[in-house]
Structures are given as C-alpha cells and as structure tokens.
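>>> sequence below, structure please.
(one chain, ligands or ions: 2)
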Amino acid sequence: MDLYEYQAKELFARHGITVPPGQVAATPQEARAIATELKVPVVIKAQVKTGGRGKAGGVRLAPGPSAAEDEARRILGMDIKGHTAHSVLVEQATGGFEEYYAAYLVDRANRTLLAMVSSEGGMDIEEVAATKPEALARIPIDATSGVDLETARLLAARAGLPEDVQDAVAETLVRLWEVLVEEDALLVEVNPLACTSDGRVLALDGKITLDGNAAFRHDHAAFADGSDDGGLEARARAKHLNYVKLAGQVGVIGNGAGLVMSTLDVVAYAGERFDGVRPANFLDIGGGASAQVMADGLEIILFDPDVRAVLVNVFGGITACDAVANGIVKALEVLGDARCPIVVRLDGNNAEAGREILSDAAHPMVRVVTTMDGAAELVAELAAA
Ligand code: GDP
Ligand code: MN
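Ligands and ions are numbered 1, 2, ... in the order given. Sure, this is the predicted structure:
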C-alpha cells in the first residue's frame with residue numbers, strides 16, 4: 001500500500017524525523033483555518049499518490065491564511081497524472097535550505113536492500129542517475145546489520161554531501177532506516193531532504209510503500225482509503241484470491257503456487273517465439289477449484305484490458321479434474337461470454353474425464369491441450385494473434 005505524503009510524514013515523525021508542522025485539509029475553509037494556526041507563510045500541497053506535483057502546480061506557497069484558502073481552492077479537484085487531489089497538506093513553509101535525496105528500498109533484481117542518497121535532491125532521481133551518476137550513491141544494505149550511524153555517515157559521504165551537514169543527515173538516515181524496518185515498508189523516500197542554513201534536517205516530502213503481507217503486525221489500517229488502492233489486486237483480495245498483476249498479455253490461472261510459478265516460466269518462454277508475449281498475472285486458486293472460485297478468477301483476469309488469451313493449468317489432486325472441468329463450464333455460464341480464448345490443460349486425477357466434460361460442453365472460446373508446453377505454445381500464439 002502506498003501512503004500519501006501526509007501519512008508518510010506521520011510515520012517519519014513517530015520515528016523522530018523532523019517534518020514541518022502542518023495538517024491535512026479537504027476544503028478551502030479548512031486550509032484557511034489550519035494556516036491561521038501555523039506560522040506563515042505556508043505551503044499548500046496536493047495529496048495524490050504520484051510524484052511531480054511541484055511541476056504540475058500542485059505545490060504552492062501562500063503568504064497568509066486567505067492566500068492559503070485560494071491556493072487550496074485551486075488545487076482541490078486538480079488532476080495530476082490521472083490522480084485527483086481530494087485533500088491538501090497545509091504546512092508551515094521552510095525557508096533557506098539545500099535539497100538532498102534519501103531512500104531505502106527493496107532491490108528485487110539484485111536480491112538486496114538498497115540505500116540511495118544524493119546531493120541532488122528536489123528533482124527526478126531517474127534524471128540524476130542518468131545525467132550525474134556520481135551524485136547518486138547506491139549502496140546495498142545487508143538486512144541483518146542494517147544502517148547504523150557509521151554506515152549512515154558513509155552513505156552521506158559517498159553521496160557527496162557537504163561535510164558540515166554529514167553528521168546531522170546521518171542521524172536522519174538512521175531514523176529513516178528504522179521507519180523501513182519497524183513499519184515493514186518496501187520503500188521509504190525523502191525528496192527533498194532539506195538542510196536549513198540554521199542546521200536543521202527536515203523531510204519536506206515523503207513517500208512510503210508498506211508491505212501488505214505484514215499488515216497484521218501494525219495499526220496501519222487507518223491509512224487505507226479504498227479510493228485508489230490497487231484496482232485489480234484490491235478486487236482480487238476482496239474475493240480472497242491470490243492474485244498478482246504482471247505486465248504481459250497472457251492471463252494465467254493454476255492450482256498451487258509452485259505450478260503457477262512454473263506456468264509463468266513456460267508461458268514467458270513460449271512467448272519469445274510469439275511477439276514476446278508474457279504472463280499478465282499470477283493467480284493461484286489453491287486446492288479447491290469450485291465453479292465460483294473459477295468464475296471469480298476468470299472474471300478478474302478477463303477484466304484486465306491487457307489480457308488477450310488465458311491459460312488454465314490445473315493438476316488434479318484431491319480436487320479431481322472432472323470437478324475442475326465442471327467448474328470451468330459453470331464459470332463460463334456465470335460470466336456469460338468469454339471475451340478472449342481460454343486454453344485449458346488438465347492433468348492428474350481424473351484428467352480424461354475432465355477433458356471429456358470440456359469437449360462435450362464445446363464452448364467456442366475453450367481449447368483443451370494435454371501437455372503444459374503445448375498449452376503454453378497455443379496460448380502464446382493466440383495472445384500474439
Ligand atoms: P513533488 O514535486 O511531488 O516531489 O513534491 P515536493 O513535496 O517534493 O515539492 C516540490 C518542491 O517544492 C520541492 O522540491 C521544494 O523545492 C519545494 N518545497 C516543498 N516544500 C517546501 C517548503 O516548505 N518551502 C519551500 N520554500 N519550498 C518547498
Ligand atoms: Mn518530492
């Protein structure tokens with residue numbers, strides 16, 4: 001779950017990272033009232049779960065309460081990269097500061113945690129990485145040893161921060177690491193991390209992605225707003241389906257996480273010969289493959305506009321293939337029509353009987369293939385067609 005800036009700052013503050021005083025407002029009048037309580041000037045900031053708000057006009061300085069009200073009126077309802085600003089953060093403005101960048105994240109490609117610290121804060125970090133790579137320190141962090149003060153000082157030095165701010169920034173970097181670990185975050189990012197001329201270090205912006213798998217350990221439920229959380233994945237969760245959205249075109253359903261994982265591999269492999277089509281999702285329907293579960297799974301997958309063909313790959317065990325086949329037939333009745341071809345591979349317990357049920361039903365969109373490789377080949381071909 002991605003947090004809004006104001007929520008990220010709430011977690012920063014809990015761990016001793018300094019953030020400017022401020023509050024969130026849903027109306028221009030509320031923004032005015034908050035600005036009246038704060039020292040002016042204030043900044044009015046669109047709360048949307050996307051970056052680049054500054055460039056889009058979603059971050060504005062207001063000299064006083066009535067300007068705060070005007071700016072809030074302008075920003076509320078604003079569309080920023082497809083996200084509507086339903087609230088604004090009204091914050092005491094910070095003056096006279098240098099902008100740096102700090103983040104920790106899970107680096108999946110290199111199977112490690114990664115610290116990124118830069119002396120070039122405030123702008124897109126991708127741009128810094130591309131145009132001035134020496135200004136961006138990227139250092140893998142061992143999860144078991146983490147970031148202590150010594151490591152943090154090294155990070156600050158390697159990023160080329162001025163020597164007189166390195167110690168103060170290092171303290172904040174240690175606290176930021178605490179946020180990642182203690183809140184079970186997959187990403188924490190501060191851009192800009194401000195160092196003021198009077199020696200303070202503040203998080204002026206904040207981005208946090210929490211690991212949903214650890215939600216039970218926390219009191220983070222209040223952060224969920226339901227309005228823009230995940231789309232397909234949220235719908236799947238509501239139906240208790242184990243679904244992960246991927247970037248390809250072939251919908252995949254299977255029973256058992258191991259079987260689904262290897263199905264993703266054979267589909268990606270077969271796809272290399274058909275326009276490079278790739279799996280569109282992971283969906284494990286588990287042991288039971290009732291008509292309802294199958295219908296729920298197919299519905300989620302077919303709802304994904306990227307999906308151009310579906311592979312159902314089931315190995316019958318305790319749930320026999322004839323039951324799965326009946327599930328597929330009934331699921332297609334429940335759904336009405338399938339909008340793209342469905343390739344089915346059944347093997348294991350009662351596979352013959354299952355295939356017979358599907359060929360008797362003769363659904364125009366269903367194709368039965370006996371081997372996993374054959375099924376992957378056909379579904380890739382159909383998705384590329
Ligand atoms: P983003 O564009 O979505 O990343 O939003 P930010 O919160 O990072 O704000 C964009 C820019 O606005 C920052 O890089 C700062 O330069 C500036 N900014 C943000 N907060 C303040 C503030 O309190 N005072 C001043 N003077 N500038 C700010
Ligand atoms: Mn920012």
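
>>> can you pull out the low-pLDDT segments for the stretch 201-350 of the chain?
Counting by pLDDT under 70, the stretch 201-350 of the chain contains low-confidence ranges at 226-230, 288-289.

>>> phi, psi for Leu136 please.
phi -120, psi 110 (degrees, to the nearest 10).

>>> how close does the nearest residue to Ala353 once chain neighbours are set aside get to Thr371?
Using C-beta to C-beta, 6 or more residues apart in numbering and skipping residues adjacent in sequence, the residue nearest Ala353 is Asp322, 4.1 Å away. Quick note: C-beta positions are derived from backbone N, CA and C, even for glycine. As for Asp322, its distance to Thr371 is 19 Å (criterion: C-beta to C-beta, to the nearest Å).

>>> before we move on, the earlier item: pretty sure the residue nearest to Ala353 contacts Arg355?
No. The criterion here is C-beta atoms under 8 Å, and Asp322 misses it with Arg355 at 9.3 Å.

>>> how about the residues of the stretch 201-350 of the chain near ligand 2?
Proximity of the stretch 201-350 of the chain to ligand 2, by C-beta under 5 Å from the ion, involves residues Asp205.

>>> how about the stretch 201-350 of the chain: which residue is closest to ligand 1?
Of the stretch 201-350 of the chain, the residue with the smallest distance to ligand 1, taken as C-beta to the nearest ligand atom, is Asp205 at 3.3 Å.

>>> contact partners for that residue?
Glu5, Val190, Asn191, Pro192 (C-beta atoms under 8 Å, 6 or more residues apart in numbering).

>>> which of the residues you listed come close to ligand 1?
Asn191, Pro192 (C-beta under 6 Å from any ligand atom).

>>> can you name the residue of the stretch 101-250 of the chain nearest to ligand 2?
Closest approach of the stretch 101-250 of the chain to ligand 2 (C-beta to the ion) occurs at Asp205, with a separation of 3.5 Å.

>>> distance-wise, check that residue relative to Asp70.
Asp205 is 23 Å from Asp70, by C-beta to C-beta.

>>> give the next helix or strand downstream of the helix or strand that the residue nearest to Ala353 is a member of.
In this assignment (DSSP states H and E), Asp322 forms part of helix 321-335. Going down the chain from helix 321-335, the next helix or strand is strand 342-348, by DSSP H and E.

>>> show me what the helix or strand following that following strand is packed against.
Next helix or strand after strand 342-348 toward the C-terminus (DSSP H and E): helix 351-361. Counting contacts by 3 or more C-beta pairs under 8 Å, 6 or more residues apart in numbering; DSSP states H and E, helix 351-361 packs against helix 321-335, strand 342-348, strand 366-368.

>>> including distance to ligand 1 and mean neighbour count, could these go into a markdown table?
Shown next, in a markdown table, are those (distance: least, C-beta to the nearest ligand atom, whole Å; neighbours: other C-beta atoms under 10 Å):
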| stretch | distance to ligand 1 | mean neighbour count |
| --- | --- | --- |
| helix 321-335 | 41 | 21 |
| strand 342-348 | 42 | 23 |
| strand 366-368 | 47 | 19 |
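
>>> Arg158: which of these is closest?
Closest approach to Arg158 among these (C-beta to C-beta): strand 342-348, 51.1 Å.

>>> outline the domain layout of this structure.
Here the domain parsing of the chain from automatic domain parsing is 21-92, 97-221, 229-384.

>>> quick check: mean pLDDT of the shortest one?
To tie it back to what came earlier, the one meant is domain 21-92. For domain 21-92, mean pLDDT is 96.

>>> can that domain be said to contact ligand 2?
No. Contact of domain 21-92 with ligand 2 (C-beta under 5 Å from the ion) is absent, the minimum separation being 6.1 Å.

>>> on that earlier part again, packing partners of the helix holding Asp322?
Applying 3+ C-beta pairs under 8 Å, 6+ apart, one finds that helix 321-335 contacts helix 291-303, strand 309-316, strand 342-348, helix 351-361.

>>> just the C-alphas of that helix, formatted as CSV.
Extracted C-alpha coordinates of helix 321-335, given in CSV (Å, rounded to 0.1, in the frame of the first residue of the first chain):
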residue,chain,number,x,y,z
CYS,A,321,-10.1,-32.8,-12.9
ASP,A,322,-13.7,-33.6,-13.6
ALA,A,323,-14.7,-31.3,-10.8
VAL,A,324,-12.4,-28.6,-12.2
ALA,A,325,-13.9,-29.1,-15.7
ASN,A,326,-17.4,-28.7,-14.3
GLY,A,327,-16.2,-25.6,-12.5
ILE,A,328,-14.9,-24.1,-15.8
VAL,A,329,-18.1,-24.9,-17.6
LYS,A,330,-20.3,-23.4,-14.9
ALA,A,331,-17.9,-20.4,-14.5
LEU,A,332,-18.4,-19.6,-18.2
GLU,A,333,-22.2,-19.8,-17.7
VAL,A,334,-22.0,-17.4,-14.8
LEU,A,335,-19.8,-15.0,-16.7
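
>>> now do that helix against helix 351-361, angle only.
30 degrees (axes from the mean of the first three to the mean of the last three C-alpha atoms, to 10 degrees).
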